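Novice: build me a model:
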Amino acid sequence: MKKLKQKLRDRERICGMHVCLTEPSISEMCGGLGYDFLWIDTEHTAIDYQTLLYHLMGAKAGGTETLVRIPWNDPIMAKRVLEMGPDGIIIPTVNTAEELDAAMRATLYPPYGIRGFGPIRAVRYGLEDANTYIEASREDMVRCVQIESKQAVENLRDMAKNPYVDCFIFGPCDLSGSIGELNQVFQEHTSSLIDEAVSILKEAGKSIGISTGSSDPEVLTYWHEKGINVISAGSDYVHIMEGAQRELKTIREIQCAGE
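Specialist: Numbers count the residues shown, from 1 in each chain. Next comes the predicted model:
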């Protein structure tokens, strides 16, 4: 079966979901559904390092690859997560080619980068050869960055030249906020910026992603028709709330019909 890394390099249509809650069995359950990846979020959630480790174990048991979003473009934050052995990393709010180079160097061992050496779960607690991992991690790790500002779009042509990035992922809400229209994701200004960025990334031969909390078919169709091939949509809490609301509505309708 083709790995996520190769799917991204081949610009295949890929789907994932966001994991935001702290219960690791969520990753085990959803890992068995057939997603291409689980996006485990440590930027906007209460997931701490220990909980993240359990989520990674759960996703592996479920059979799905993992991408972990760290809170910021910071080499220390990246290092500690990478030692746990996720399949890839997502780095938010990357705005310039220089910031992107720093982000990639944080994921690479010398002489290609500055990542300090100390993998634990990443080498299966010593069962895998460390030297083999040093070489393999450069080739096998999935590296994604988020485009979340007008500045990033303006610098994207240079950023897209970086050979290590597997996918550029839009954060549309923050992108809209960067032009003073926070959460106006579907308005003309943000839409035009995304169209401009998609054109640049297609020309560069890069996979293009979107992160959306919505599970609305119309919203997902909108992003698909923009030319985006990697869609990470919905989340554990969204699915719980939608299912609970639907069930409650059904029960109320049945009860009212029986009166």
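Novice: counting by contacts, list what the longest helix along the chain packs against.
Specialist: In the chain, taking DSSP state H as the definition, the longest helix is helix 236-257. Counting by 3 or more Cβ pairs under 8 Å, 6 or more residues apart in numbering; DSSP states H and E, the packing neighbours recorded for helix 236-257 are strand 14-19. The way it works is simple: take the backbone N, C-alpha and C, and place the C-beta from them, glycine included.
Novice: partner strands of the strand it packs on and their direction?
Specialist: In the sheet, strand 14-19 lines up against strand 37-41 (parallel), strand 230-235 (parallel) (DSSP bridges).
Novice: what mean pLDDT does the longest one get?
Specialist: Taken as a whole, strand 230-235 has a mean pLDDT of 98.
Novice: in space, what's closest to Gly118 - neighbours in sequence excluded?
Specialist: Setting aside the residues directly before and after it, Gly118 is nearest to Glu83 in space (Cβ to Cβ, 6 or more residues apart in numbering), at 6.0 Å.
Novice: all the strands of the stretch 51-200 of the chain, residue numbers only.
Specialist: Using DSSP state E, counting those that start in this stretch, the strands assigned to the stretch 51-200 of the chain run over residues 65-69, 88-91, 142-147, 167-170.
Novice: export the ones you listed to JSON lines and tack on mean neighbour count, mean pLDDT and distance to Leu53?
Specialist: Output for those, formatted as JSON lines (neighbours: other Cβ atoms under 10 Å; pLDDT from 0 to 100; distance: least, Cβ to Cβ, whole Å):
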{"stretch": "strand 65-69", "mean neighbour count": "25", "mean pLDDT": "98", "distance to Leu53": "11"}
{"stretch": "strand 88-91", "mean neighbour count": "24", "mean pLDDT": "98", "distance to Leu53": "15"}
{"stretch": "strand 142-147", "mean neighbour count": "26", "mean pLDDT": "98", "distance to Leu53": "18"}
{"stretch": "strand 167-170", "mean neighbour count": "26", "mean pLDDT": "98", "distance to Leu53": "24"}
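Novice: check the gap between the residue nearest to Gly118 and Ile89 for me.
Specialist: For Glu83, the distance to Ile89 (Cβ to Cβ, to the nearest Å) stands at 12 Å.
Novice: how about Ala59?
Specialist: When distance is defined by Cβ to Cβ, Ala59 is 14 Å away from Ile89.
Novice: contacting residues around Ser215?
Specialist: Contact criterion Cβ atoms under 8 Å, 6 or more residues apart in numbering gives 233-234, 238-239, 242 as the residues in contact with Ser215.
Novice: which of the residues you listed are buried?
Specialist: If you count burial by 16 or more other Cβ atoms under 10 Å, the buried members of these come out as 233-234, 238.
Novice: quick one, what contacts Glu28?
Specialist: Contact partners of Glu28, counting by Cβ under 8 Å, 6+ apart, are 58-59, 61-62.
Novice: wait, I meant Tyr109
Specialist: Taking Cβ under 8 Å, 6+ apart as the test, what Tyr109 contacts is 115, 117, 134, 137-138.
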